[in-house]
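**Q** coords please:
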Amino acid sequence: MPDIWAILRKYAPLIDEKIEQYLPRRFDERALERLCGRPRYEWDLDALNKAVAEPMWDLLSRGGKRWRPSLFLLVYEALGGNPEDVLDYAIIPEVIHNGTLIVDDVEDDSEYRRGKPCIHRIYGVDIAINAGNLMYYMPFVVLMQDKRISPEKKAKIYEMYIQELIRLGMGQAMDIAWHRGLSPKVSEEQYLQMCAYKTGTLARLAAKLAAILAGVDDEKVESIGRFAEAIGVAFQIQDDVLNLVGDVEKYGKEIGGDITEGKRTLMVIHALSHASPEDAKRLTEILNMHTRDKKLIAEAINIIRKYGSIEYAKQVSRRIMQEAWNEIDGWLPPSEAKKALEALAKFLIERKL
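**A** As a prediction, this is how the structure comes out:
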């Protein structure tokens, strides 16, 4: 089985180099002209660097696994392409992902991201939201500047991107509504749909972007997209697990933060449906408190553990991933890239950080 850590370490610096090529750590007039076109009047370079480049690179420089762009490159290679030919495009899912993290942390009122204070804690909510939103669009400068891609293929990519970003926002809306108590009861199927939209979107976008660039038919574009979506769902479930029982130093975020936010994760949904009336009532009370009290958070986690909900979530994650793999295994030809895709999927649902 391929060494996924070795693959991620191989691609990460190449991806970071490409991000900096298109979105430099410090904007100059040339970089801004590439992004915005020529100004009618005059840019304030200092303002744009302090309000966009600095917060953006503050988060990007903290690392991250870079698995979404690695997924993009592996899919392209598995479909018969040379990943070096599309390396520039790998920045698209990664920059968008980091933009969503900045905005998500504001919405969740989070304290830490990747072991450091969240971007809005350092630069302010207004700068964080604006910088995060800009990161949804800026990496598409790659596609705008690429003269090799036909207008028809560009239109197909833009259409796919718009559809996926709508789904992303809908998934986030469901998640926010639930932890604000705006929906009385959340089902397992609804939770999985939220994950498919919120976390599955950027994985699906990465895989579908690779497939469109590789020139495969629409049926295969959608099939590989469903596989990538399943990776995203399984990744989110494991992230929820780690939020409750992970190693705080490796995880890089607040352990129990999902309890503070009142999130209805798969484990919470399972626990509430299997718990005694007393335990279900108490777990709901703690979630609705949005508390940072460690004793109360520990109490909630213990209720979730009591009903086997953590192990149940892991089982669901493995099942979803296996079903998705079985679909593409039937038509994707054998290759080292295909083996790496399978290894990446397994890595993401078994990871400890």
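
**Q** Tell me the spacing between the closest residue to Val216 other than its chain neighbours and Tyr158.
**A** Spatial nearest neighbour of Val216, excluding adjacent residues (C-beta to C-beta, 6 or more residues apart in numbering): Leu79 at 5.7 Å. Bear in mind the C-beta positions are built from the backbone N, C-alpha and C, glycine included. Here Leu79 is placed at a distance of 21 Å from Tyr158 (C-beta to C-beta, to the nearest Å).

**Q** before we move on, what about Leu101?
**A** For Leu101 relative to Tyr158 (C-beta to C-beta), the value is 23 Å.

**Q** out of those two, which sits in the more crowded spot?
**A** Just comparing Leu101 and Tyr158: by other C-beta atoms under 10 Å the higher neighbour count belongs to Leu101, 20 against 12.

**Q** what mean pLDDT does the helix or strand that one falls within have?
**A** Assigned by DSSP states H and E, Leu101 belongs to helix 91-108. Mean pLDDT, computed over helix 91-108, is 96.

**Q** Compute the number of surrounding residues for the residue lying closest to Lys116 once chain neighbours are set aside.
**A** Nearest non-adjacent residue to Lys116, counting by C-beta to C-beta, 6+ apart: Arg62, 6.2 Å away. Residues near Arg62, counting by other C-beta under 10 Å, number 15.

**Q** is it true that Arg62 lies in a helix?
**A** No - with DSSP: H, G, I helix; E, B strand; the rest coil as the criterion, Arg62 is coil rather than part of a helix.

**Q** can I assume it is in contact with Cys118?
**A** No - applying C-beta atoms under 8 Å, one finds Arg62 not in contact with Cys118, separated by 10.7 Å.

**Q** For the stretch 151-300 of the chain, which residues score under the pLDDT cut-off?
**A** 246-254 (pLDDT under 70).

**Q** and His290, what does it touch?
**A** 260-262 (C-beta atoms under 8 Å, 6 or more residues apart in numbering).

**Q** how close does it sit to Lys156?
**A** Distance, His290 to Lys156, by C-beta to C-beta: 43 Å.

**Q** Please apply the same query to Arg292.
**A** 46 Å.

**Q** Among those two, which residue is more densely surrounded?
**A** Lys156 (18 against 13).

**Q** Name the nearest residue to the more buried one, sequence neighbours excluded.
**A** Ile212 (5.6 Å).

**Q** My reading is that the one you found is in a helix; is that accurate?
**A** Yes - assessed by three-state DSSP, Ile212 belongs to a helix.

**Q** what's the following helix or strand after the helix holding Leu101?
**A** Following helix 91-108 in sequence, per DSSP H and E, is strand 112-113.

**Q** tell me what that next one is packed against?
**A** The criterion is 3 or more C-beta pairs under 8 Å, 6 or more residues apart in numbering; DSSP states H and E, and there are no helices or strands that strand 112-113 contacts.

**Q** coming back round to it: what's the closest of the contacts of His290 to Phe347?
**A** Glu261 (26.5 Å; C-beta to C-beta).
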